[in-house]
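*Asks:* I would like to see how this sequence folds:
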Amino acid sequence: MENIGILGLGTVGTGVVELLESNGDLIAQKLGRQINVKKILVRDLSRARTPLARGKITARAEDILEDEEIKIVVELMGGEEPALSFIMRALENKKHVVTANKEVISKYGGQLLEMAGRVGVNLLFEASVGGGIPIIRPMKQCLAANNIYKISAILNGTTNYILTQMEETNKDFEEALREAQIHGYAESDPSADIKGLDAARKLAILSSIAFNTRVTPDKIYTQGIDGIELSDIKYARELGYTIKLVATGRRLGRSVELLVSPVMLRYDHPLSSVRDVFNAVLLEGDAVGRVMFYGRGAGKMPTASAVIADIMDAVRNDSGGRMYCTCYNELDVLDRGAAVSRFYIRLKAQDRPGVLAEISGALGKNNISLSMVIQKDVKNRVAEIVLVTYEVPLKDLERALDEIKEYDQVVEIANVIRVEEGVI
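*Replies:* Purely as a prediction, here's the structure:
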């Protein structure tokens, strides 16, 4: 029998306990021994808990971290502290650690992996990216012989659900967000999701593994979906695109390009059909070519599935098979202004002769060519204008837009969104 201790009994922690109970015999047959939850750390002893946790609840972290019979610590608290401190104490006490904590791993994963390696234990974090989608282990093992040079991913189910609702039911952003909250797909404070922070943490983890370099979320240019309006969704549809929040990583020589932002994707793009709360990760490697991983990126049981798979790996690899840190490259992160893309621009300007020519002139002066121009919805002598550029460095576009903002006839630059023609 293998004793484990669980730090945190929220949604995922409860899922782990329930899945170990319902599939315990199956897991034991595959593993050769039973997994026993000995102790579970909670903050509030008075709260109602799953009956399966009866007799195992504690409010003292020491009951898990200092118990010599507990060989595996499962951290499911979330947030940076006290989770980080507890993980470090578990590793110091030579306990294997399984975690779903994307915030801790994205910031301190390299340091913690090195620490685990020094003391000879495992640190496993499959559930930190993509919920139930297997992605960390395939990248570390199945694709280890590849140079992975591209990551394109939808990594946040909340934002994907909101954008899907806006596109398919013509809800505006606020209405789609409220619906996501009603269904439990979004928190009461959805900032980390809708502002792209959650996706950036996950991209940091994937990029560190894919490009073998240390990437932290603060290095990633991050833009959320809170600026997307229903009119952008409708224009995208008219032009043959769908809008998704895409996390992109590219290896470019001795540099990496890292972006999280809304992107207009052609309907034939592999990520364009990823709907609702589903996630997908598209990888490109020099040997394997293009591979895609798809599934539920969050949720009680999908995430619990990934956590228990890591627990089973920790049991199997108790005497070896460590997951080491492989951040041996020192690659520069490309300045976001150097990113080259086509762009969609939606602006509002006074409906007067010569205004469009003046805007086009500012773009042309900055070496920006237009592939498409749409003008419609004139209200109170203010026209809505949509421009789609050819490929241009972002810094050139921003310079031109700064100039356009100063024109008296331009009322507002409402939105700027990257446009991708092929596979990112």
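*Asks:* okay, CA-based contacts and neighbour counts for the rest of this
*Replies:* Fine.
*Asks:* mind listing what's buried along stretch 255-264?
*Replies:* Residues of stretch 255-264 classed as buried: 256-264 (neighbour count, 16 or more other Cα atoms under 10 Å).
*Asks:* which of these fall in strands?
*Replies:* 256-264 (DSSP state E).
*Asks:* and these, which two are the farthest apart?
*Replies:* The most widely separated members of these, counting by Cα to Cα, are 256 and 264 (21.6 Å).
*Asks:* how about residue 125: what's its closest non-neighbour residue?
*Replies:* Using Cα to Cα, 6 or more residues apart in numbering and skipping residues adjacent in sequence, the residue nearest residue 125 is residue 99, 5.0 Å away.
*Asks:* the one you found: neighbour count?
*Replies:* 27 (other Cα atoms under 10 Å).
*Asks:* is it in a bridge, and if so with what?
*Replies:* Counting by DSSP bridges, residue 99 forms beta bridges with residue 75.
*Asks:* that one contacts residue 74, correct?
*Replies:* Yes. Counting by Cα atoms under 8 Å, residue 99 sits close enough to residue 74 to count as a contact (5.7 Å).
*Asks:* circling back to that earlier point, which one of the buried residues of stretch 255-264 sits closest to residue 199?
*Replies:* residue 260 (7.0 Å).
*Asks:* do I have it right that the closest one meets residue 217?
*Replies:* No. Using Cα under 8 Å, residue 260 is not in contact with residue 217; the gap is 10.2 Å.
*Asks:* so for the host helix or strand of residue 387, mean pLDDT?
*Replies:* Applying DSSP states H and E as the criterion places residue 387 in strand 382-389. In this model, strand 382-389 has a mean pLDDT of 95.
*Asks:* name the helices or strands packed onto the helix or strand following that strand?
*Replies:* The element immediately downstream of strand 382-389 (helix or strand, assigned by DSSP H and E) is strand 392-393. Here strand 392-393 touches strand 340-350, going by 3 or more Cα pairs under 8 Å, 6 or more residues apart in numbering; DSSP states H and E.
*Asks:* may I have the strand it packs on exported as PDB, CA atoms only?
*Replies:* Written as PDB, here are the backbone C-alpha positions of strand 340-350 (Å, rounded to 0.1, in the frame of the first residue of the first chain):
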ATOM      1  CA  VAL A 340       5.200  39.900 -37.700                       C
ATOM      2  CA  SER A 341       1.600  39.300 -38.500                       C
ATOM      3  CA  ARG A 342      -1.400  40.500 -40.500                       C
ATOM      4  CA  PHE A 343      -3.800  42.700 -38.400                       C
ATOM      5  CA  TYR A 344      -7.400  43.500 -38.200                       C
ATOM      6  CA  ILE A 345      -8.100  47.100 -37.200                       C
ATOM      7  CA  ARG A 346     -11.600  48.400 -36.400                       C
ATOM      8  CA  LEU A 347     -11.900  52.200 -36.000                       C
ATOM      9  CA  LYS A 348     -14.500  54.900 -36.000                       C
ATOM     10  CA  ALA A 349     -14.100  58.100 -37.900                       C
ATOM     11  CA  GLN A 350     -16.100  61.000 -39.200                       C
END
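*Asks:* give me the residues contacting it.
*Replies:* 232, 355, 381-394, 409-420 (Cα atoms under 8 Å, 6 or more residues apart in numbering).
*Asks:* show the pLDDT at the closest residue to residue 240 other than its chain neighbours.
*Replies:* Closest residue in space to residue 240, ignoring its immediate chain neighbours: residue 266 at 6.1 Å, by Cα to Cα, 6+ apart. pLDDT for residue 266: 95.
*Asks:* equivalent analysis for residue 325, please.
*Replies:* Note for residue 325: predicted pLDDT of 78.
*Asks:* what's downstream of the helix or strand hosting residue 167, the next helix or strand?
*Replies:* Element membership for residue 167 (DSSP H and E) is helix 157-169. Of the helices and strands lying after helix 157-169 in sequence (DSSP H and E), the nearest is helix 173-182.
*Asks:* who are the packing partners of the helix or strand following that following helix?
*Replies:* Sequence-wise, the next helix or strand downstream of helix 173-182 (DSSP H and E) is helix 191-194. In terms of contacts (3+ Cα pairs under 8 Å, 6+ apart), helix 191-194 is packed against helix 157-169, helix 197-210.
*Asks:* buried residues in helix 191-194?
*Replies:* Within helix 191-194, the residues that count as buried by 16+ other Cα under 10 Å are 192-194.
*Asks:* likewise stretch 184-192?
*Replies:* Quick answer for stretch 184-192 (16+ other Cα under 10 Å): 185-187, 192.
*Asks:* list the backbone torsions phi and psi for the residue lying farthest from the centre of the chain.
*Replies:* Among residues of the chain, the one most distant from the C-alpha centroid is residue 353; the distance is 45.2 Å, by Cα atoms, centre = their mean. In terms of degrees, to the nearest 10, the main-chain angles of residue 353 are phi -60, psi 140.
*Asks:* just the residues contacting the helix or strand of the chain with the lowest mean pLDDT, thanks.
*Replies:* When each helix and strand of the chain is scored by mean pLDDT, DSSP states H and E, strand 370-379 comes last, with a mean of 87. By Cα under 8 Å, 6+ apart, the list of residues contacting strand 370-379 from outside reads 351, 383-390.
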